[in-house]
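Visitor: Any chance you can model this:
(one chain, ligands or ions: 1)
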Amino acid sequence: MSNSSPRPHDHFDAIVIGSGPGGEGAAMGLSKAGKQVAVIEREAAVGGGCTHWGTIPSKALRHTVSRIIEFNQNPIYTQHTKSLHSTFAQILSHADSVIGKQTRMRQAFMTAINAHCSTATPSLSMPIP
Ligand SMILES: Cc1cc2nc3c(=O)[nH]c(=O)nc-3n(C[C@H](O)[C@H](O)[C@H](O)COP(=O)(O)OP(=O)(O)OC[C@H]3O[C@@H](n4cnc5c(N)ncnc54)[C@H](O)[C@@H]3O)c2cc1C
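Guide: Now for the predicted structure:
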């Protein structure tokens with residue numbers, strides 16, 4: 001098991017640039033073929049656009065908001081209790097927790113396939129668009 005940063009004299013059969021779905025799939029395929037893989041990611045965490053600024057954040061936000069609307073519109077709930085109100089900050093915080101879980105899962109995949117992973121330190125990471 002290793003997810004430490006590659007060192008200058010490490011040997012790899014392949015270096016994958018980017019840890020989004022494309023890079024993750026490539027790293028997994030190479031690992032299954034018995035190759036030693038390094039993954040280079042310019043952001044502070046693995047996962048790419050899918051995990052950090054695309055699919056997962058948008059679906060986590062949409063799911064939370066649609067559950068609140070469903071709760072507030074469904075008489076089964078509303079006849080027994082007051083309507084539910086969440087602030088935007090609370091909804092964002094929930095989305096953040098989903099992103100965190102997904103990031104840990106993606107990092108665990110990299111560890112499971114024995115890929116060396118190099119990510120930016122948080123202070124050096126690019127701002128998320
Ligand atoms: C708002 C939104 C919603 C979406 N919803 C869905 C959806 O519901 N379903 C769906 O299938 N798709 C969805 N997508 C699309 C999905 O996110 C992308 O198709 C997917 O992330 C593409 O994967 P990728 O690996 O090709 O690229 P990315 O996920 O963009 O990953 C590329 C990675 O490479 C890194 N990188 C780039 N250059 C370098 C470099 N020079 N050195 C080191 N690292 C580098 C980047 O930091 C990034 O982590 C959505 C996208 C957006 C923006």
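Visitor: hey, let's count contacts and neighbours off CA atoms from now on
Guide: Fine.
Visitor: Which other helices and strands does the lowest-mean-pLDDT helix or strand in the chain contact?
Guide: When each helix and strand of the chain is scored by mean pLDDT, DSSP states H and E, helix 75-78 comes last, with a mean of 82. Packed against helix 75-78 by the contact rule (3 or more C-alpha pairs under 8 Å, 6 or more residues apart in numbering; DSSP states H and E) you find helix 55-73.
Visitor: again, 7 Å this time
Guide: The helices and strands touching helix 75-78, judged by 3 or more C-alpha pairs under 7 Å, 6 or more residues apart in numbering; DSSP states H and E, number zero.
Visitor: where in the protein is pLDDT low?
Guide: Counting by pLDDT under 70, the chain shows low-confidence ranges at 1-8, 121-129.
Visitor: List the buried residues in the least confident helix or strand of the chain.
Guide: With burial defined by 16 or more other C-alpha atoms under 10 Å, not one residue of helix 75-78 is counted as buried.
Visitor: And the next helix or strand past the host helix or strand of residue 40?
Guide: In this structure, residue 40 sits in strand 37-41 according to DSSP states H and E. As assigned by DSSP H and E, the chain's next helix or strand after strand 37-41 is helix 48-52.
Visitor: contacts for that following helix?
Guide: Residues outside helix 48-52 that contact it (C-alpha atoms under 7 Å, 6 or more residues apart in numbering): 19, 20, 21, 56, 57, 99, 102, 103.
Visitor: Thanks again, I'm all set now.
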